[in-house]
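Colleague: Everything below, folded, please.
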Amino acid sequence: MSAAAEREYLANGAYAALVVLAAARGSARPEHAVLRELLASVMHASGQVRRIGVNLNQSVAALHSGELSARLEWYASAAARSVAKLDDLADEVRARLG
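Modeller: A predicted model of the protein is given here:
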């Protein structure tokens, strides 16, 4: 049971409660694994974008102080790619929910 709960990113008690509720409703098992995996991916992506944003802000601050950072274009491009990936993920989630 512990391994199954871990795959669902749940505590043992929470997983047991979901399994009991699913059994009472006549379902085979709770279908939260995909959504929990998706949530973990979104949380990771959000953290990555935040880190890129911090670096981009530091590069812009250096630019304002007279230093031209060669990394500025890279950070801006990385931020744009990350936002595009998050948009794609949001589209996929909407499609699965619809």
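Colleague: Please make it C-alpha for all contacts and neighbour counts, starting now.
Modeller: OK.
Colleague: The longest helix along the chain packs against which elements?
Modeller: When the chain is scanned for its longest helix (criterion: DSSP state H), the result is helix 33-64. Applying 3 or more CA pairs under 8 Å, 6 or more residues apart in numbering; DSSP states H and E, we find helix 33-64 packed against helix 71-97.
Colleague: If you drop the residues flanking it in sequence, what lies closest to the residue positioned nearest the centre of the chain?
Modeller: For the chain, the residue nearest the mean C-alpha position is residue 42 (1.2 Å; CA atoms, centre = their mean). In this structure, residue 42 finds its nearest non-sequential neighbour in residue 86, 7.6 Å apart by CA to CA, 6 or more residues apart in numbering.
Colleague: Tally up the residues packed near that neighbour, please.
Modeller: 17 (other CA atoms under 10 Å).
Colleague: Show me the chain divided up by domain.
Modeller: Split into domains by automatic domain parsing, the chain comes to 1-31, 33-98.
Colleague: Reformat those as JSON lines; add mean pLDDT.
Modeller: Conversion of these to JSON lines gives the following (pLDDT from 0 to 100):
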{"stretch": "domain 1-31", "mean pLDDT": "75"}
{"stretch": "domain 33-98", "mean pLDDT": "78"}
